[in-house]
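Chemist: quick one: sequence plus predicted model below, questions after.
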Amino acid sequence: MADIKTIPPRSGAGFTLDKGQTLTVIDPEGRQVSDLLAYNRADVREAISSGRTLDYASRLYLTTGDLLYSNRSNVMLEIVSDDVGRHDFLLTPCSKETFAIIYGDTDPHRGCFGNLAEALEPWGVEPDQIPVAFNCFMNVPINGETGTFTVEPPLSKAGDTIVFRAAMDLVIGMTACSALQSNGGSFKPIQYRID
Ligand SMILES: [Zn+2]
């Protein structure tokens, strides 16, 4: 079995995932979000697209069997297993500005956005190329009448996983999310494994 790697609380990681490999995202302690981004390794201008994916799925909550598409409408990842069944694909990675605007922080953390920008820089991904991430385990219930939503603690329990299979050679950016509200009020690590 492949090594399990740990992303410490409020940080991120960048790595490659080859076509056909699987990426297992593990919530080791429970109630922790991980923002996930994917780029075509041959041309990082092609990136994971919330808009394309949700349009083709006709559904806001994605789970086993669903495909994650790029801005060029190519399949990048397939969800092949999911213990939780509740993830978000609407909201952007938390950032310095998020913490200033929503939380009123005077010395804000750089958030998932800053962590992803640093993790993806070696592959030539610029901050302006960071789109809406697939937010593993993020729980955003939506009122179907009004469209109002809230950010609630994740439904994930310790050891829960979601597994993706790569449909092309990818660069992946992943975080242990830095936003208090998204993670039930505490910052925890995220783990992953490539097989
Ligand atoms: Zn975050």
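Modeler: Nice, I can see it. Residues are numbered from 1 along each chain as shown.
Chemist: contact partners for residue 103?
Modeler: residue 180 (Cβ atoms under 8 Å, 6 or more residues apart in numbering). Just so you know, the C-beta spots here come from the backbone N, C-alpha and C atoms, and that holds for glycine as well.
Chemist: er, residue 174 actually
Modeler: Residues in contact with residue 174 (Cβ under 8 Å, 6+ apart) are 7, 12-15, 25, 34-37, 119, 190, 192.
Chemist: want to try JSON lines for those residues, with pLDDT as columns?
Modeler: Listed next are the contacts of residue 174 as JSON lines, based on pLDDT from 0 to 100:
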{"residue": "7", "pLDDT": "98"}
{"residue": "12", "pLDDT": "98"}
{"residue": "13", "pLDDT": "98"}
{"residue": "14", "pLDDT": "98"}
{"residue": "15", "pLDDT": "98"}
{"residue": "25", "pLDDT": "98"}
{"residue": "34", "pLDDT": "98"}
{"residue": "35", "pLDDT": "98"}
{"residue": "36", "pLDDT": "98"}
{"residue": "37", "pLDDT": "98"}
{"residue": "119", "pLDDT": "98"}
{"residue": "190", "pLDDT": "98"}
{"residue": "192", "pLDDT": "98"}
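Chemist: which ones among those are found in strands?
Modeler: 7, 12-15, 25, 34-37, 190, 192 (DSSP state E).
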